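With the sequence up front, the predicted model follows.
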Amino acid sequence: MCGIFGFVSKEKINATPVIIDGLKRLEYRGYDSAGLALMTGRGIFCRKKAGRIFELEKVVGNNIESNIGIGQSRWATHGKPSDKNAHPHFSCDKKIYLVHNGIIENFKELRVKLEKRGHVFRSDTDTEVAAHLIEDFSKSYSFEEAVRLALKSIVGTYAFVIVNADNPTTMIVARNSSPLLVGLSDTHKFVASDASAILPHTRKVVYLHDGEFAILTPSDFRIATLDRKAVSRDQELIEWSQDEVKKNKFPHFMLKEIYEEPDAVENAIRGRLIVKDGLAKLGGLELVEDKIKRLNRVIISACGTAYLAGLTGEYMLEEYGEIPVEVEYASELRYKKQKFDARTALLSISQSGETADTLGALKEAKRKGALNLGLVNVVGSSIAREVDAGVYNHAGPEIGVASTKAFVSQLAVLSLLALFIGRQRDMSLVIGRRIASELSVLPDKMKRVLKEAPNIKKIARKYHKYDHFLYLGRKYNYPVALEGALKLKEVSYIHAEGYGAGEMKHGPIAMIDKNFPSMVIIPSDSMREKVLSNIQEIKARDGKVVAIATEGNKEISKIADDVIYIPKTLEMLTPMLSVMPLHLFAYYVGVMRGYDVDHPRNLAKAVSVE
Ligand code: M6R
């Protein structure tokens, strides 16, 4: 939700390409407008433009020398996407410029006060108050103190990057509940919402914590709390490689990331399976192993696709972990009267680790005494830092706004967790070995599903003009049906509904006719016969059916209009295979309908607003 970027360098450099490149790498976080501000010998040069970053690129030119610059790619919250609402925002005297990611909740009252003091506002955003507030304090205090006092007056979430023409070699950055990291190289310092933007320059980073601000100059970097306490923090090394954040030979990140799904599962299970003993080894949970043994309830909290991974995890943990599980939308959980105690674990699932709803629910559960566990992809993210213990899914950077490889790797970790908890309880060695050994060969089976891509593309071509779709699955594949429908909606704007196949007859069947095709997941498992009956019910009403079935199921090709085959595996692990054709189908349909699938309208990657 908004990508922010900045640099400070010892020498003057050709600054616009650096900022534009940083913003492009963060564009997936928000892409309705963009802007930059550069410190030049003749004051601050600022340009802002509605639309994608290439629109900004057209108006900034390519040869502005500067040694300090900031930029932002926006996802609108307050004020429509427009030139005037794009960041950076600036003070009346056009000396203080800043970019922001987050929401200033008390902006209205601050604005009224500042207007009474003569400040003139130029935008409809919440952000602009910060620039005027700093300007106001600057009349009596130093730049640093003015920023600190302004931050203390602000209620809400933020990552700020601030520059001041009167202090041309200083940049101040601050963080509260929105991500921000500082990258350090010998000649430059960078700030960014996430690591992908600074990878071309350095892998050495320092993460800022909530309630901290940092002062960056060409020769210095220091962190302090808003109460003026100096903070010393070690540098960390980013593990991601540059290649992981490039499209390489793929036309879109979404397709690249679907093709990375087998690797994502491989990376999630690497070093975590002891097949001969039927065990899962989860280092991140070692410290709380005894607490996990004593648990009598798990609540899974997440949003969007991560929530759907959680729903699948519910089946896994209940069947094999032998523990009752409830799955909640994080955005609802925090307002429920939930009883948490030491025998309840809250498992927060999040790719970005920055989703505001998931973080909010986690903080609430923490306050009530639950054991807080995390399943997070981005190392060092807010949720990863907030939990008591957790497991990283190691899917690598996911840039496509539609989550794909993160989903399968979340499922891989959830199946490891089911094995881990199950073996703490009554799961036999035989069952444990079966799960572990099947999980270890799953990435190869996933690669076989990718070979179906030409067939899936052909099917997408046949169906891409339909305006409605029904997605059906049962048990483990019920959440997969929901995920297939969500993905189609996100990247092709087609109306798609996901249902448990058994629920179809309780309502959705009324919609079925020849113009309302169904994608039905029917692996050869305990649900096969029941789902087959549901397909018959659709066919009896002239509905078209695309079946995702297990290799060897010849019968299905006689009933369904089209079939996509997946390899056989354990029922619990099927979702990691069955979701792949649905991801590919959504991708192809979105592209065939002419949409930019990496930047679906109205969406952003990390939703850091509530
Ligand atoms: O970063 P998170 O996993 O916490 O994000 C949760 C959702 O915002 C995310 O899954 C969203 O629904 C995706 N656009 C789905 O493709």
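Great, that's in hand.

who are the neighbours in contact with Gly360?
Counting by CB atoms under 8 Å, 6 or more residues apart in numbering, Gly360 touches Ala330, Arg334, Glu610. In this view, the C-beta of every residue, glycine as well, is placed from N, C-alpha and C.

So which residue is dead centre in this structure?
By CA atoms, centre = their mean, the chain has its centre lying nearest to Ser352, at 3.8 Å.

quick check, that one in a helix?
No: under DSSP: H, G, I helix; E, B strand; the rest coil, Ser352 falls outside any helix and is assigned coil.

so what's it up against?
Asn377, Val378, Ser381, Lys605, Ala606.

and it, what are its phi and psi?
Phi and psi for Ser352, reported as degrees, to the nearest 10, are phi -70, psi -30.

What subset of the contacts of Gly360 is buried?
Ala330, Arg334 (16 or more other CB atoms under 10 Å).

what would the contacts of Gly360 look like in TSV with secondary structure and pLDDT?
Compiled in TSV, those are given as follows (DSSP: H, G, I helix; E, B strand; the rest coil; pLDDT from 0 to 100):
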residue	secondary structure	pLDDT
Ala330	helix	95
Arg334	coil	83
Glu610	coil	71
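
So which of the contacts of Gly360 is the closest to the ligand?
Ala330 (8.1 Å; CB to the nearest ligand atom).

Does that closest one touch Ser348 like I think?
Yes: with contact defined as CB atoms under 8 Å, Ala330 and Ser348 form a contacting pair (7.3 Å).

any common contacting residues for these two?
With CB under 8 Å, 6+ apart as the test, Ala330 and Ser348 both reach Ser301, Ala302, Thr358, Ala361, Leu362.

Greatest separation within the contacts of Ser352: which pair is it?
Across the contacts of Ser352, the longest distance by CB to CB is 12.4 Å; it joins Ser381 and Lys605.

returning to what we had before: let's have the contacts of Gly360 in a markdown table, adding distance to the ligand.
Output for those, formatted as a markdown table (distance: CB to the nearest ligand atom, whole Å):
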| residue | distance to the ligand |
| --- | --- |
| Ala330 | 8 |
| Arg334 | 14 |
| Glu610 | 12 |
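
Parallel or antiparallel, which strands does the lengthiest strand in the chain pair with?
Counting by DSSP state E, the longest strand found in the chain is strand 3-14. Here strand 3-14 has these sheet partners by DSSP bridges: strand 65-74 (antiparallel), strand 188-192 (antiparallel).

Show me which residues of the first one are buried.
Okay, so that is strand 65-74. Ser66, Asn67, Ile68, Gly69, Ile70, Gly71, Gln72, Ser73, Arg74.

so what pLDDT did Ile292 get?
What the model reports as pLDDT for Ile292 is 96.

Can you get me a residue count around it?
Residues near Ile292, counting by other CB atoms under 10 Å, number 20.

isn't it right up against Arg423?
No: contact criterion CB under 8 Å: Ile292 and Arg423 do not qualify, at 11.3 Å.

where along the stretch 101-250 of the chain do the strands fall?
With strands called from DSSP state E, counting those that start in this stretch, the stretch 101-250 of the chain shows them at 156-164, 171-176, 181-184, 188-192, 204-207, 212-217, 220-225, 230-231, 236-237.

Looking at these, which is nearest to Phe250?
Here strand 188-192 is closest among the strands of the stretch 101-250 of the chain (CB to CB), at 23.5 Å.

Now do that closest one: everything it contacts.
By CB under 8 Å, 6+ apart, the list of residues contacting strand 188-192 reads 3-10, 22, 26, 161, 171, 173, 180-184, 197-198, 201-202, 216, 218, 221.

Find the residues that touch each one of Ile292 and Arg423.
Common contact partners of Ile292 and Arg423 (CB under 8 Å, 6+ apart): none.

Of Ser381 and Lys605, which one has the most company?
Ranked by neighbour count (other CB under 10 Å), Ser381 and Lys605 place Lys605 first, with 26 against 23.

Now do the SS call for the more buried one.
Applying three-state DSSP: Lys605 is coil.

Name the residue of the stretch 401-550 of the chain that lies nearest to the ligand.
Ser403 (3.8 Å).

next one: the chain
Gly304 (1.9 Å).

Wait, that residue touches Glu483, no?
No: assessed by CB under 8 Å, Gly304 is found out of contact with Glu483, at 9.4 Å.

For the two, work out which one has more neighbours and name it.
More neighbours surround Glu483 than the other of Gly304 and Glu483, with 31 against 22 (other CB under 10 Å).

Make sure I have this right: that one is in a strand.
No: counting by three-state DSSP, Glu483 is located in no strand; its state is helix.

residues contacting it?
Here Glu483 is in contact with Thr305, Leu308, Phe407, Gly498, Val579, Leu582 (CB under 8 Å, 6+ apart).

Same question for Leu486.
Counting by CB under 8 Å, 6+ apart, the residues that Leu486 touches are Gly304, Thr305, Leu308, Ala496, Gly498.

ok, now Leu98?
Contacts of Leu98 (CB under 8 Å, 6+ apart): 70, 87-90, 127, 130-131, 134, 160-163.

so how far is Leu488 from Asp467?
11 Å (CB to CB, to the nearest Å).

Now list whatever residues contact both of these two.
Residues touching both Asp467 and Leu488 (CB under 8 Å, 6+ apart) are Ile494.

The two: which is more packed in?
Leu488 (26 against 10).

Give the closest residue to Glu326 in space, chain neighbours not counted.
Here the nearest residue to Glu326 in space, its sequence neighbours aside, is Ile299; by CB to CB, 6 or more residues apart in numbering that works out to 5.0 Å.

what about the one you found, which helix or strand?
Applying DSSP states H and E as the criterion places Ile299 in strand 297-302.

buried stuff in that strand?
So, applying 16+ other CB under 10 Å, buried residues of strand 297-302: Arg297, Val298, Ile299, Ile300, Ser301, Ala302.

The stretch 351-500 of the chain: strands as residue ranges?
Under DSSP E, counting those that start in this stretch, the stretch 351-500 of the chain gives strands at 371-376, 389-392, 468-473, 495-500.

Columns mean neighbour count on top of those, output as a markdown table?
Formatted as a markdown table, the strands of the stretch 351-500 of the chain follow (neighbours: other CB atoms under 10 Å):
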| stretch | mean neighbour count |
| --- | --- |
| strand 371-376 | 26 |
| strand 389-392 | 22 |
| strand 468-473 | 26 |
| strand 495-500 | 20 |
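
Okay, and the beta partners of the residue nearest to Glu326?
Glu326, Leu346.
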